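> Generate coordinates for the sequence data below:
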Amino acid sequence: MNTKSWYVLARKAIGVKSIFISLISLILFLFTSFLAYGASTEAVVQTSNISAIWANNGEDKVTRDERRASLGKNVTNRVWDGSQIKVFGARNEVVSFNIILEGGTQTATNVSVSLNQLTGPNGAKISTKAVTGDRVFDWVGRNIEIFYVRYLPIKGLSLLSYEGYYYDERHVPQRFRRPWTGQGVGSGTWYNRPDHDKFYPDIAVPMELIHKFSVPANQNQSIWVDVYIPKTSPAGIYQGTVTITENKFATKQVPVQVQVRNFTLPDIPRAKTMLYLGFEDINRRYTGVFWPESGSPEDVTSKLVRDRHFLLAHRHRISLIDGNDGNWNQDSPQPEWIPRFNGTLFSTANKYDGPGRNVGNKVFSIGTYGAWPWQSEGEAGMWSHSDAWVNWFNTNSPGTEYFLYLADEPNDLGQVQTWSRWIDENPGVGSQLKSFATADLLSVLTQAPSLDIAASWFGVGLTATWQNALNSWKKNHKQFYLYNGQRPATGSFATEDDGVALRVLAWSQYKKGIDRWFFWESTYYTNFQCDGAEINVFKQAQTFGCYSEFDAIAGQTGWNYSNGDGVLFYPGTDKVYPRNSYNIKGPIASLRLKYWRRGIQDVEYLALAKAKNPMKVAWIISATVPKVLWEYGADDPNDPTYVHTDISWSTDPDFWELQRMKLADIIEKGF
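Purely as a prediction, here's the structure:
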């Protein structure tokens, strides 16, 4: 081998060695970079200002100041096993859970929460899509919704929701009870009520309207998640991940498991409801005026906003009524009611998906709150107008339940009887028109027996007297509604009531055979019954009655002082308080609306399970709501206006979820 050959070989060897050294250097560089990146990421995680994350079903209302997990308290429950969220549901059901982010010693900033998809058997998906602004009212392809929860301060007790808080502390929600002995005799002051002045969760703002948020130091932030299970979803386990980020870094990933049970809830709820939608406050908040001129841009906005209230209520299995404003002097509903009746409003073409797709809103009130205009026309007027209304419904919407709202809490039931009798004696089709009034059933039986539908607000009464009255009433093919809610008879709509309160209400409705439950108002933003003030509903819990004094026992109080009464929707646009406006043309749901839906869905479980095993379901009902409504009785038969008693039902959400699971097992297995 010559010198040149050795030189060439040496050069090649040196080249290979250089390449090898370069590769080693590159690997070392990448490895150290990876370590540096990992150390950097770990540093971000270690400096996260969210001190703990856990979950529940939301019925254990975690106030804004509570940091249970951070303080070492046990937070496990049937939804949260300490590391994973687990829920179950049927097809065509909305299941939900609540995530609690606990703040550390410093404010956590630029926080976001996401859950984009759940994957189940054979790759089946329950998923969502990104939207902005008004597209939060597009539910097609959005089976997962995330909500940022806002809080309201509870500064006094809701006087309309508790039967005589002053004589029995047990009538008050558990976390607002003063220390008591014997028959509920309380001691101490407002400041001895554990949750006095605390901030309660209620406003469910779509996360798309928030994007990023902060968790204040030493406070917490609830995030509510709704998952709609489509009718086509195969039964089985679906899994996904909730991701929490801070300042663009993922600080926590929480596994989520949704078990889809092998049955489907019907589209038409068995627990029928009726929720009033007022127009004046909607107009004022969204357009700036109470009554827009017909055909004006404000009028167009108002109609769109009203329809979106119907859509959101439908997503919660709740039926709306209104005052038929703008057409109140005509013998027909407003034209916008047609798509509400026939279900086209609730179609995918109109961006709706979920429970009751293509199913109409099948209840209508004529002359709501007694505002029907022909009261001075006598019997002949009643006959002609009732004929016209019946003919309209027979032709246009024969499946709708409709009635004439004769009077609201009337002092003169004799007049109600006269009007009802006129309808009954109509020789034409108008005799088919049902008459309605909000009045005590016991009084109606004797003073207005011709009335078709009585709606009572029940607090206390004698067991046998009320049950016999109901049996007699229904024996004559009449209907009985209840409205609002009052403890201890049932749960209430008060913002500070226990989280299971509206679940109790729906179970009470099923147990006692109440035909429909009526809540008097959903958008009561102006306190007409007191000072006429326009309420900042994003800041103030009190929505009804007066605040005239501070009471040592009740806190802030006054005539009928109440929190959340008349408000189940919050305004998506607020021209009265623009700093709180989200500038969307449609409503924001309250958590109470979601609690009510949960109870309504429970009733579907009860009915489906009863068809399989009625004896076991009867036992479950008895164990879950041992006493409701008039089953408590009254202390004095001669003065049946008061009763000393605790509520009969558990306020533990885990107990309610266990009962629901038992019902699901009966539906699937028959036992």
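> Relative to Gly360, how far out is Asn394?
16 Å (C-beta to C-beta, to the nearest Å). Yep, even glycine has a C-beta here, placed from its N, CA and C like the rest.
> More neighbours: which of these two?
Gly360 (22 against 11; other C-beta atoms under 10 Å).
> May I have the secondary structure class of Arg579?
Assigned by DSSP: H, G, I helix; E, B strand; the rest coil, the conformation of Arg579 is helix.
> tally of neighbours for it?
8.
> Can you give me the distance of it to Lys539?
From Arg579 to Lys539 the distance is 10 Å (C-beta to C-beta).
> can you check Gly532 too?
Distance, Gly532 to Lys539, using C-beta to C-beta: 18 Å.
> now Val242
On the measure of C-beta to C-beta, Val242 and Lys539 end up 29 Å apart.
> Who has more neighbours out of those two?
Each of Val242 and Lys539 has its neighbours counted (other C-beta under 10 Å); Val242 has more, 21 against 12.
> so what's the more buried one closest to, chain neighbours aside?
Val254 (4.4 Å; C-beta to C-beta, 6 or more residues apart in numbering).
> Who are the contact partners of the one you found?
Val254 makes contact with 53, 55, 84-85, 99, 241-244, according to C-beta atoms under 8 Å, 6 or more residues apart in numbering.
> Contacts only, for Val95.
Contacts of Val95 (C-beta under 8 Å, 6+ apart): 87-89, 226-227, 229, 258.
> Across the sheet, point out what pairs with it.
Val227 (DSSP bridges).
> residue ranges for the helices of the stretch 401-550 of the chain, please.
Using DSSP state H, counting those that start in this stretch, the helices of the stretch 401-550 of the chain run over residues 413-424, 441-447, 463-475, 501-512.
> Which of those sits closest to Ala108?
The minimum distance between Ala108 and the helices of the stretch 401-550 of the chain falls on helix 501-512, with 31.4 Å, by C-beta to C-beta.
> How far away from the center of its chain is that closest one?
14 Å (C-alpha atoms, centre = their mean, to the nearest Å).
> Check Phe671 and give its pLDDT.
Note on Phe671: pLDDT of 86.
> Any idea how many residues pack against the residue nearest to it when sequence neighbours are not counted?
Distances taken as C-beta to C-beta, 6+ apart place Asn613 nearest to Phe671, at 6.2 Å, with adjacent residues excluded. The number of residues packed near Asn613 is 18, by other C-beta under 10 Å.
> Enumerate every residue touching Asn613.
By C-beta under 8 Å, 6+ apart, Asn613 lies in contact with 666, 670-671.
> Kindly report the same for Phe88.
95, 258-261, 661, 664.
> which of these tops the neighbour count?
Busiest of the contacts of Phe88 [other C-beta under 10 Å] is Val260, holding 25 neighbours.
> helix, strand or coil for it?
strand.
> residue contacts, Asp497?
So Asp497 contacts 158, 161, 173, 487, 491 (C-beta under 8 Å, 6+ apart).
> From these, keep the buried residues only.
Among these, those classed as buried by neighbour count (16 or more other C-beta atoms under 10 Å) are 158, 161, 173, 487, 491.
> Asp498 is in contact with the third one, correct?
Yes - when contacts are counted by C-beta atoms under 8 Å, Pro173 is listed as touching Asp498 (5.0 Å).
> what about Arg150, how many neighbours?
Count around Arg150 with other C-beta under 10 Å applied: 21.
> Can you tell me the element it falls in?
strand 144-153 (DSSP states H and E).
> ok, back up a step: greatest separation within the buried ones among the contacts of Asp497: which pair is it?
Ser158 and Gly491 (12.1 Å).
> who touches stretch 386-397?
So stretch 386-397 is contacted by 331-333, 338, 341-342, 360, 364, 366, 400, 402, 404, 423, 426, 428-433 (C-beta under 8 Å, 6+ apart).
> Which of those are buried, as a PyMOL select command?
In PyMOL, a selection of the buried entries from the contacts of stretch 386-397 looks like this (16+ other C-beta under 10 Å):
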select buried, resi 331+332+333+341+342+360+364+366+400+402+404+423+426+430+432+433
